[in-house]
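Asks: Below are the sequence and a predicted model for it; my questions follow.
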Amino acid sequence: MPAATTRMVKQAVNATANALQRASAHADADQSALTRTYADAVAAREAFTGGGSDG
């Protein structure tokens, strides 16, 4: 495959694969920060880690 064609295909694949990555990662970080101290989140974290403190 010619180099220019390969670059165009790679760019299209990357654009499609990464279209919502930044938006979803941003929302994930906000939600994690917001809910970190919620009682349900604390209980779930303690259950997952066996009751230990994460510092």
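Replies: On my side now, so go ahead.
Asks: Report the distance from the host helix or strand of Met8 to the chain centre.
Replies: According to DSSP states H and E, Met8 maps onto helix 3-17. Relative to the chain's own centre, helix 3-17 is displaced by 23 Å; criterion: Cα atoms, centre = their mean, to the nearest Å.
Asks: What's the first helix or strand after it?
Replies: helix 21-35.
Asks: following that following helix, which helix or strand comes up?
Replies: Going down the chain from helix 21-35, the next helix or strand is helix 39-49, by DSSP H and E.
Asks: what is the orientation angle of that next one with helix 21-35?
Replies: Here the directions of helix 39-49 and helix 21-35 differ by 100 degrees (axes from the mean of the first three to the mean of the last three Cα atoms, to 10 degrees).
Asks: circling back: what's the helix holding Met8 in contact with?
Replies: Contacts to helix 3-17, defined as Cβ atoms under 8 Å, 6 or more residues apart in numbering, come from residues Met1. Glycine gets a C-beta too; all of them are placed from N, C-alpha and C.
Asks: Spatially central, which residue of the chain would that be?
Replies: The centroid of the chain falls nearest to Ala25 when counting by Cα atoms, centre = their mean (4.1 Å).
Asks: can you give me how far the least confident helix or strand in the chain by mean pLDDT is from the chain middle?
Replies: Lowest mean confidence among the helices and strands of the chain (mean pLDDT, DSSP states H and E): helix 21-35, at a mean of 77. Chain-centre distance of helix 21-35: 7 Å, with Cα atoms, centre = their mean.
Asks: Okay, buried residues for that helix please.
Replies: Within helix 21-35, no residue counts as buried by 16 or more other Cβ atoms under 10 Å.
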